[in-house]
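*Asks:* sequence first, then the predicted structure:
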Amino acid sequence: EDQPTLTRALLAARSIDSLRMPVYLWRIRRDGSSISQQRGDRADLADRIVTKRWSTSYVEEQGSRAVRDLWYRRILPVDLPEYLRRLPDSSPEYAAMLRSCLAEFWGPGTVPLEEVRLPREMRELALAVRDGFRAPAAA
């Protein structure tokens, strides 16, 4: 996973350059085998939670208060919508794992889930999942 490595690199950097041309390319594989295409898989979610823990631990140790606030509000939840979108077709175990993840990362001691920067409908869904909502299966 690149998130823990990138987190460490960004926190250690003295400056960051932004390039206009793409230097990182994601491809959608026809066979659906890339990690990014496995968001509805419980194993993928479990792996993602582990990498979020690693990165969060480093941010907590090395980041300033402002960096930690930015982490919880804007960076940590960046891929959360992809997991929330998979809920209708997911298992009860997947939903429970996602609910646990929401409680672990956003709450007392971090940033309330209500203040996380997500599109309104995704934030509302995240709050509902945190509070026990289980999305009905897709028709």
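*Replies:* Right, received. Where do you want to start?

*Asks:* rest of the way, CA atoms for contacts and neighbours
*Replies:* Noted.

*Asks:* what's around R65, how many residues?
*Replies:* 11 (other Cα atoms under 10 Å).

*Asks:* correction: L113
*Replies:* The burial count for L113: 22, using other Cα under 10 Å.

*Asks:* what sits against it?
*Replies:* The contact partners of L113, taken as Cα atoms under 8 Å, 6 or more residues apart in numbering, are 102, 106-107, 123, 126-127.

*Asks:* out of the residues you listed, grab the one that's most surrounded.
*Replies:* A126 (24 neighbours).

*Asks:* quickly find the element holding that one.
*Replies:* helix 120-130 (DSSP states H and E).

*Asks:* in that helix, what counts as buried?
*Replies:* If you call a residue buried by 16 or more other Cα atoms under 10 Å, then helix 120-130 has these buried ones: 122-123, 125-127, 129-130.

*Asks:* off-centre distance for it?
*Replies:* 13 Å (Cα atoms, centre = their mean, to the nearest Å).

*Asks:* now swap in stretch 83-102 and tell me
*Replies:* Centre to centre, stretch against its chain (Cα atoms, centre = their mean), the figure for stretch 83-102 is 12 Å.

*Asks:* next, the distance between the ends of it.
*Replies:* Using Cα to Cα, to the nearest Å, one end of stretch 83-102 lies 11 Å from the other.
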